[in-house]
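Visitor: I need the structure of the sequence given here:
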Amino acid sequence: MTGLQTDPQPSLPVFPGRRACVIGAGLGGLALAVRLQAAGIETVLVEAGGRPGGHARGEDRDGFVFDSGPGALADPAALGELWALGGEELADHVDLLAVQPLRRFSWPDGTTFDLAADEAALIREIARFAPEDLGGYEDYARYAASAHDEVRARFGQQPMGDPLAMVRALPALARHQAWRGLDSLIAAHIASPHLREALAFEALLTGGNPMRISAVHAAAHRTERAGGLWWPKGGMGALAGALAALFERLGGALRLHDPALHIHMLGNRASEVETQSGWKERFDAVASNADVVHTYRDLLGESAYGAETARKLARMDFSPGSFTVHFALEGSWPGIPHSMVLMNARFAGLMEDIFEHGVLPQDQLIVLTHPSVTDPSLAPEGKSVFSASIPVAHQGKLPLDWEQIGPLVEKRILDEIGRRLVPDIHDRIVTRFHVTPRDLALEFNAHLGSAWGLEPTLTQSWWLRPHNRDPRIANFYLAGASTHPGAGVPGVLAGAKITAKLMLEELR
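Guide: Below is the predicted model of the structure:
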């Protein structure tokens with residue numbers, strides 16, 4: 001990828017003798033650690049796993065690279081900023097490959113719709129798919145652009161810990177009818193049920209229910225179409241590795257295979273971080289990119305405040321879990337794009353089952369990623385890599401024995417892909433494995449096995465979401481999906497930038 005525009009490198013202060021610890025080397029934690037280290041703060045990044053990336057780690061298995069992270073990246077300029085802080089160019093370290101189309105939607109009745117970044121291509125596709133909605137789509141796109149520019153780009157880049165910040169955001173939220181549901185907004189402009197579902201689907205990528213998430217989340221449509229979607233060559237795990245290498249080149253210290261156990265307090269300040277290996281050091285500031293309930297319940301659980309905060313957070317609404325089948329096939333499949341969504345016949349009903357009723361329905365919405373069609377380096381020649389994910393209710397609503405039911409769900413997903421795309425799929429499978437909500441809970445301490453943390457409802461967003469700086473612990477901060485502005489790669493990168501700004505102000 002060439003021609004990437006980034007913010008000019010700011011004039012950063014020097015912080016002699018100041019030390020910070022970041023817990024969790026997911027993309028948000030990596031981005032935060034890079035920003036702190038580049039500013040001159042001696043930073044230690046503590047990670048429980050054997051490699052950086054968190055949910056975006058890659059896995060080498062049987063000659064294939066399987067990726068557990070998002071199927072593509074939006075807003076690559078936010079990544080470019082991180083390398084610019086070190087006086088480097090993103091393109092010299094990460095090769096970003098364009099994902100085209102952005103996403104293909106396929107319904108059981110055989111209809112398909114390609115969401116394209118190119119304006120002319122998208123208009124042609126809508127004219128083919130739902131010509132009566134051309135005008136309505138243009139109105140919706142204008143709303144999405146306005147929500148992006150006036151709400152997300154402005155207030156999604158600012159901390160919301162101060163109630164006055166929320167007051168300043170209220171006029172823009174009111175103008176964009178933030179109380180209105182995204183599905184309702186789309187339905188007011190679009191007549192085609194299939195096109196409505198395709199536009200509403202994007203909410204799921206941040207753990208939101210399209211039927212009740214705020215209309216301002218239409219901004220994601222603008223983000224994807226304006227900047228395109230990109231795949232880092234070698235996978236999301238390779239991107240995480242490149243960020244970790246940047247952090248270390250800047251002088252940062254990365255501790256892998258060493259889970260944080262405790263954040264010790266002294267008065268109203270975080271004083272020390274202790275890990276499983278027995279390592280314990282003092283810091284001027286501490287930030288957690290770990291699961292927010294785990295952070296307060298376990299890492300800060302020695303304090304009454306940590307335990308009480310964890311109980312309050314646990315009563316909030318959490319996003320669904322996800323069940324993912326990773327598999328490799330014999331053969332190349334140029335007809336299956338990088339990003340595809342196999343829709344079901346009752347989109348609204350399925351969302352209600354997952355978010356409200358907590359049942360495991362027979363029908364499925366399958367998010368199918370085929371990264372080797374974009375990046376052949378992920379698979380041996382003549383073979384292909386896929387991941388297929390379905391949203392499922394989190395363990396608080398659906399307490400299944402995933403060890404027992406996992407193989408059945410895996411077969412159901414592969415059977416549906418076989419029925420709709422690869423008729424002899426079971427004969428072509430080279431290797432496969434699956435990841436359940438239980439695995440997310442065990443490996444990442446994800447509360448209830450949620451894949452996206454706190455659900456981004458209107459009453460759990462902005463000032464009502466956990467703040468980037470803790471309101472009681474003077475030098476303790478949060479990053480990641482459950483803090484402002486929310487989940488998804490653009491969200492956690494923006495959150496890391498907000499948190500870094502607050503930490504630099506504190507440590508100045």
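
Visitor: which outside residues touch stretch 294-314?
Guide: 23, 260-265, 288, 290, 292-293, 445-447, 454, 466, 472-473, 476, 478 (CB atoms under 8 Å, 6 or more residues apart in numbering). C-beta coordinates here come from the backbone N, C-alpha and C atoms, glycine included.

Visitor: Among the residues you listed, which ones are in helices?
Guide: Judged by DSSP state H, helices contain the following of these: 292, 293.

Visitor: Where does residue 312 sit, in terms of helix or strand?
Guide: Per DSSP states H and E: residue 312 is located in helix 304-314.

Visitor: now do residue 247
Guide: Going by DSSP H and E, residue 247 is part of helix 236-249.

Visitor: buried sites along that helix?
Guide: 236, 237, 238, 239, 240, 241, 242, 243, 244, 246, 247 (16 or more other CB atoms under 10 Å).

Visitor: out of the residues you listed, who's nearest residue 377?
Guide: residue 238 (9.3 Å; CB to CB).

Visitor: Please, where are all the strands along the stretch 301-450 of the chain?
Guide: For the stretch 301-450 of the chain, the strands defined by DSSP state E, counting those that start in this stretch cover 321-330, 339-342, 366-369, 383-392, 429-435.

Visitor: and what of the stretch 1-150 of the chain?
Guide: Going by DSSP E, counting those that start in this stretch, the stretch 1-150 of the chain shows strands at 19-23, 42-46, 58-61, 64-67, 96-98, 103-106, 112-115.

Visitor: and among the ones you listed, the most buried is which?
Guide: strand 19-23 (a mean of 27; mean count of other CB atoms under 10 Å).

Visitor: hmm, who's touching that strand?
Guide: Contact with strand 19-23 is made by 29, 32-33, 36, 41-46, 260, 263, 273, 281-290, 295, 299, 479, 503, 507, as judged by CB under 8 Å, 6+ apart.

Visitor: what about stretch 15-31, how long is it end to end?
Guide: With CA to CA, to the nearest Å as the measure, stretch 15-31 spans 19 Å from end to end.

Visitor: for stretch 88-96, that is, sorry about that
Guide: 16 Å.

Visitor: what's the answer for stretch 196-205, then?
Guide: One end of stretch 196-205 to the other measures 16 Å (CA to CA).

Visitor: So for that stretch, mean pLDDT?
Guide: On average, the pLDDT along stretch 196-205 is 96.

Visitor: Need the max-distance pair from the buried residues of helix 236-249.
Guide: Using CB to CB, the buried residues of helix 236-249 span at most 16.6 Å, a distance reached by 236 and 247.

Visitor: So what touches the helix holding residue 247?
Guide: 25, 27, 30-31, 33-34, 37, 43, 45, 51-54, 56-59, 65, 67-70, 73, 79, 82-83, 86, 88, 93-94, 232, 254.

Visitor: ditto for stretch 171-184
Guide: 143, 146-147, 150-151, 154-155, 185, 196, 200, 203, 208, 210-218, 348, 458, 462.

Visitor: Now a ChimeraX select for only the buried ones of those residues.
Guide: In ChimeraX, this line selects whichever of the contacts of stretch 171-184 come out buried by 16+ other CB under 10 Å:
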select :143,146,147,150,151,155,185,196,200,203,208,210,211,212,213,214,215,216,217,218,458,462
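
Visitor: Give the residue spans of this structure that score low on pLDDT.
Guide: For the chain, the stretches flagged by pLDDT under 70 are 1-14.

Visitor: how's it carved up into domains?
Guide: 19-61+74-94+233-316+453-507, 121-228, 320-444 (automatic domain parsing).

Visitor: Distance to residue 104 for those domains - can I get that in TSV?
Guide: Putting the domains of the chain into TSV (distance: least, CB to CB, whole Å) gives the following:
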stretch	distance to residue 104
domain 19-61+74-94+233-316+453-507	17
domain 121-228	10
domain 320-444	5
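
Visitor: Indicate which one of those domains is closest to residue 109.
Guide: Distances from residue 109 to each of the domains of the chain were compared using CB to CB; the shortest belongs to domain 320-444, at 7.8 Å.

Visitor: Name the helix or strand for residue 490, please.
Guide: helix 489-507.

Visitor: for that helix, which positions count as buried?
Guide: Quick answer for helix 489-507 (16+ other CB under 10 Å): 489-504, 507.

Visitor: what's the answer for stretch 258-273, then?
Guide: So, applying 16+ other CB under 10 Å, buried residues of stretch 258-273: 258, 259, 260, 261, 262, 263, 264, 265, 270, 273.

Visitor: now do stretch 76-89
Guide: 76, 78, 79, 80, 81, 82, 83, 84, 85, 86, 88.

Visitor: and the closest residue to residue 192 other than its chain neighbours, how many neighbours?
Guide: Excluding the flanking residues, the one nearest residue 192 by CB to CB, 6 or more residues apart in numbering is residue 130, at 3.7 Å. Counted with other CB atoms under 10 Å, residues neighbouring residue 130 total 21.

Visitor: quick one, what contacts residue 130?
Guide: 190, 191, 192, 194, 195.

Visitor: still on that earlier bit, and which of the buried residues of stretch 258-273 is nearest to residue 394?
Guide: When these are compared against residue 394 (criterion: CB to CB), the nearest one is residue 259, at 22.5 Å.

Visitor: just checking, the closest one touches residue 273?
Guide: No. Using CB atoms under 8 Å, residue 259 is not in contact with residue 273, being 11.1 Å away.

Visitor: Please identify every residue contacting each of those two.
Guide: Taking CB under 8 Å, 6+ apart as the criterion, residue 259 and residue 273 both touch residue 46.

Visitor: ok, residue 171 - how many residues close by?
Guide: When neighbours are counted by other CB under 10 Å, residue 171 comes out with 10.

Visitor: For it, which three-state class applies?
Guide: Under DSSP: H, G, I helix; E, B strand; the rest coil, the three-state class of residue 171 is helix.

Visitor: roughly how far apart are it and residue 178?
Guide: 11 Å (CB to CB, to the nearest Å).

Visitor: how far out from the middle of the chain is stretch 255-272?
Guide: Mean-position distance between stretch 255-272 and its chain equals 25 Å (CA atoms, centre = their mean, to the nearest Å).

Visitor: neighbouring contacts of that stretch?
Guide: Here stretch 255-272 makes contact (CB under 8 Å, 6+ apart) with 23-25, 44-52, 273-277, 279-283, 285-286, 288, 290, 298-300, 302-303, 472-476.

Visitor: change it to 7 Å
Guide: For stretch 255-272, the external contacting residues (CB atoms under 7 Å, 6 or more residues apart in numbering) are 23, 44-51, 273-277, 279-282, 286, 299-300, 302-303, 472-476.
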